[in-house]
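In: here is my input; please provide its structure:
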Amino acid sequence: MFYFLAMLALTDLCMGLSTVHTVLGILWGFIGEISLDSCIAQSYFIHGLSFMESSVLLTMAFDRYVAICNPLRYSSILTTSRIFKIGLIIVGRSFFFITPPIINLKFFRYCHSHSLSHSFCLHQDLLRLACSDIRFNSYYALMLVILTLLLDAVLILYSYVLILRAVLAIASQEEQHKLFQTCISHLCAVLVFYIPVISLTMVHRFGDHLSPVIHVLMGNIYILFPPLMNPIIYSVKTQQIRSRMLRLFSLDMCRDA
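Out: As a prediction, the model looks like this:
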């Protein structure tokens, strides 16, 4: 579980590093423009890291499924070498398939107003500015979303159906409560990630009549909310992390005293 938490933390950290400098620069009035190459690179990392976070959440759902439904074989199924291979697959899956449409952005002609909807660069935002044939990028991006984010969400839901069926088969309510508690953090992380993603997608698809403030607000929530909330969720709900943090703060207070 802690290996997967480390992957999630690394993904959130990289998402912040790739976006916060432009977000803060615009909010504080330091920068008002970004080069095309920098915008394309930022779009690559934003979307790649989003797919990576979705993959990590799916893997964590599998981890919870094995821990609850097959606990005696947990250590033999999720060995360190197997987790390492899963991590490599997650990175390759997240960044390899998104490369073609992102590279294609470099060869587009941009003749529309060079004003982005957000304080960072998104693939769909750059397509809106292009005057070239964008059908390949549009269809490819749609299929990629279906085969990654949507498929991951369906598999996560299916894993929790199996977990729920296994937990309800246990007679003791105390054991049921204990097992449900092990899933609360992951469920919160799933909601924190997927609700902003779905909301931003709806705003882009059907929100042309909405105020630009709504677009900017939803974009910033999509980028900043999961990295902000995930450490809080897992610090509060994971006993080992909570006890280590309390011990760390108690040591700092003793030194100050």
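In: tell me what the one helix or strand Tyr234 maps to is packed against?
Out: Following DSSP states H and E, one finds Tyr234 within helix 212-237. In terms of contacts (3 or more Cβ pairs under 8 Å, 6 or more residues apart in numbering; DSSP states H and E), helix 212-237 is packed against helix 2-27, helix 173-206, helix 239-256. The way it works is simple: take the backbone N, C-alpha and C, and place the C-beta from them, glycine included.
In: tell me the most buried of these?
Out: helix 2-27 (a mean of 17; mean count of other Cβ atoms under 10 Å).
In: which among the helices and strands packed on helix 212-237 is found nearest to Gln124?
Out: helix 173-206 (5.6 Å; Cβ to Cβ).
In: what's the mean pLDDT across that closest one?
Out: Per-residue pLDDT over helix 173-206 has a mean of 83.
In: so Phe120 sits against Gly25, correct?
Out: No: look at Phe120 against Gly25 with Cβ atoms under 8 Å: they stay out of range, at 10.4 Å.
In: just for the stretch 101-250 of the chain, where's the confidence low?
Out: Low-confidence segments of the stretch 101-250 of the chain (pLDDT under 70): 171, 207, 237.
In: do that again at 80, thanks
Out: Where the stretch 101-250 of the chain drops to pLDDT under 80, the residues are 112-114, 117, 170-182, 203-212, 235-250.
In: for Leu129, list the residues it contacts.
Out: Applying Cβ atoms under 8 Å, 6 or more residues apart in numbering, one finds that Leu129 lies in contact with Tyr110, His112, Ser113, His114, Leu116.
In: any chance of the residues you listed in a markdown table, with neighbour count, secondary structure and distance to Lys85 too?
Out: What follows is the contacts of Leu129, written out as a markdown table (neighbours: other Cβ atoms under 10 Å; DSSP: H, G, I helix; E, B strand; the rest coil; distance: Cβ to Cβ, whole Å):
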| residue | neighbour count | secondary structure | distance to Lys85 |
| --- | --- | --- | --- |
| Tyr110 | 14 | strand | 41 |
| His112 | 10 | coil | 44 |
| Ser113 | 8 | coil | 46 |
| His114 | 11 | coil | 43 |
| Leu116 | 21 | coil | 38 |
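In: give the burial count for Lys106, as a bare number.
Out: 9 (other Cβ atoms under 10 Å).
In: now it, nearest residue through space, not along the chain?
Out: Closest residue to Lys106 apart from its sequence neighbours, by Cβ to Cβ, 6 or more residues apart in numbering: Ile40 at 6.0 Å.
In: same question, Pro101
Out: The nearest residue in space to Pro101 (Cβ to Cβ, 6+ apart) is Asn137, at 4.5 Å.
In: show the subsequent helix or strand relative to the strand or helix carrying that neighbour.
Out: If you go by DSSP H and E, Asn137 is part of helix 135-145. The helix or strand immediately downstream of helix 135-145 is helix 151-168, counting by DSSP H and E.
In: show me what that following helix is packed against.
Out: Helices and strands touching helix 151-168, by 3+ Cβ pairs under 8 Å, 6+ apart, are helix 36-69, helix 173-206.
In: tell me the angle the helix holding Asn137 makes with helix 151-168.
Out: 10 degrees (axes from the mean of the first three to the mean of the last three Cα atoms, to 10 degrees).
In: can you give the distance from helix 135-145 to the centre of its chain?
Out: The chain centroid and the centroid of helix 135-145 are separated by 19 Å under Cα atoms, centre = their mean, to the nearest Å.
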